[in-house]
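Novice: the amino acid sequence is not available; the structure is as follows:
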């Protein structure tokens, strides 16, 4: 097929405004990885690239790249070039209904969408709606309160005192990754966290949630829209911060060996199967507590764990994604071999020549883009091996090589 892949952060979704480096390295890493896999499966691939990145000649193996200069250009180009392509795959955040609206646009072109159905995206993107459905279906979730920015601080504090105990996790209803995420340990921090909700999301609603102590993890799945198969449990390196600091997703490990692995995989399959229209690649975020896994999010899109998963899967994950959507087929016994560890690394802003050297390092999935207005850059680096210890060692060696080139 002729396939368009649009990744929102690197593909022009921030045209006319600064590109946030922390999510750029994740977005470009996913784009580069899925394009390589679609090409390996025999497809012809077109991508949209923010013109500021395009002029740097980024390392991406697409057949055609379309530079994006202005806001709203991505939507226009997706409409126009859909006519000469067969299918479209969108990688975008759920915030402000970005993912859902882009997939709706794709569905209106009449071309094949490789994403989850837009209606299904809407059902899981709103965390308040998601938790209600999960609880109704009997899945273990943290106790959750739906709050509103029209509430007074006193009302927010009273609701927490009545229903929860500190520490409490706050997040926007449409947050992605760690955007707007905070842990609150006492009443005095509530004012700051409410201000953070206002700054991080356009929605008036947000949630306060029971803090579950455990390991942050995710499950990667492939789904036909009716039946799902879990292909890996992944460790997430998450730093949960108080309101005056930013929480962060720093990388992960695929696969994740944990005593609750089988329970987590089975639960994730049932969660995805309970939402009609979740198809292709889907991610389920969990906290693996001492007693059991708790479901904390459902991502109706490609997740950053894909960059590690493709290194260990004994099959082409993008090809199986296409098969799940178009043929209703999913792997019966998906196998993984080895371990991959990936991590973000902050570097000094490299000169153009140094940036080009960095792109040639095989362990650098997303290079440190030297963007104007930034003194620092962020790269996404990977280490892979047969064992976890060796994969970690290779990751640290890759970080050193990258830093040596830049310094």
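Specialist: It's in. Treat the numbers as computed from the prediction; the structure is a model and nothing was measured.

Novice: CA only for contacts and neighbour counts going forward, please
Specialist: Will do.

Novice: in stretch 230-242, what's buried?
Specialist: 230-238, 240-242 (16 or more other C-alpha atoms under 10 Å).

Novice: same question, stretch 209-220
Specialist: Within stretch 209-220, the residues that count as buried by 16+ other C-alpha under 10 Å are 209-212, 215-220.

Novice: measure that stretch end to end?
Specialist: 24 Å (C-alpha to C-alpha, to the nearest Å).

Novice: residues in contact with that stretch: which ones?
Specialist: By C-alpha atoms under 8 Å, 6 or more residues apart in numbering, the residues outside stretch 209-220 that reach it are 142-145, 164-170, 230-238, 264-265, 268, 281-290, 305-306.

Novice: correct me, but residue 157 touches residue 187?
Specialist: Yes. Taking C-alpha atoms under 8 Å as the definition, residue 157 is a contact partner of residue 187 at 6.6 Å.

Novice: grab the nearest non-local neighbour of residue 286.
Specialist: Of all residues not flanking residue 286 in the chain, residue 295 sits nearest, at 4.6 Å (C-alpha to C-alpha, 6 or more residues apart in numbering).

Novice: what do you get for residue 270?
Specialist: Closest to residue 270 by C-alpha to C-alpha, 6+ apart is residue 228, at 7.8 Å.

Novice: now residue 298
Specialist: residue 284 (4.5 Å).

Novice: packing partners of the helix or strand where the one you found lies?
Specialist: For residue 284, the element it lies in under DSSP states H and E is strand 279-289. Under the contact criterion of 3 or more C-alpha pairs under 8 Å, 6 or more residues apart in numbering; DSSP states H and E, strand 279-289 touches strand 214-224, helix 261-273, strand 293-299, helix 317-326.

Novice: point out the most buried one among those.
Specialist: Greatest average neighbour count among the helices and strands packed on strand 279-289 goes to strand 214-224 (a mean of 25), per mean count of other C-alpha atoms under 10 Å.

Novice: can you give me the strands in the stretch 1-150 of the chain?
Specialist: Using DSSP state E, counting those that start in this stretch, the strands found in the stretch 1-150 of the chain span residues 2-7, 44-50, 64-68, 87-91, 112-113, 144-148.

Novice: partners of the first one in the sheet?
Specialist: It refers to strand 2-7. strand 44-50 (parallel), strand 87-91 (parallel) (DSSP bridges).

Novice: going by neighbour count, which residues of the first one are buried?
Specialist: Just to be clear, that refers to strand 44-50. For strand 44-50, the neighbour count (16+ other C-alpha under 10 Å) marks 44-50 as buried.

Novice: can you check stretch 47-66 too?
Specialist: Within stretch 47-66, the residues that count as buried by 16+ other C-alpha under 10 Å are 47-54, 58-62, 65-66.

Novice: stretch 392-399 too?
Specialist: Within stretch 392-399, the residues scored as buried using 16+ other C-alpha under 10 Å are 392, 394-396, 398-399.

Novice: same check on stretch 345-358?
Specialist: 345, 347, 349-350, 354-356, 358.
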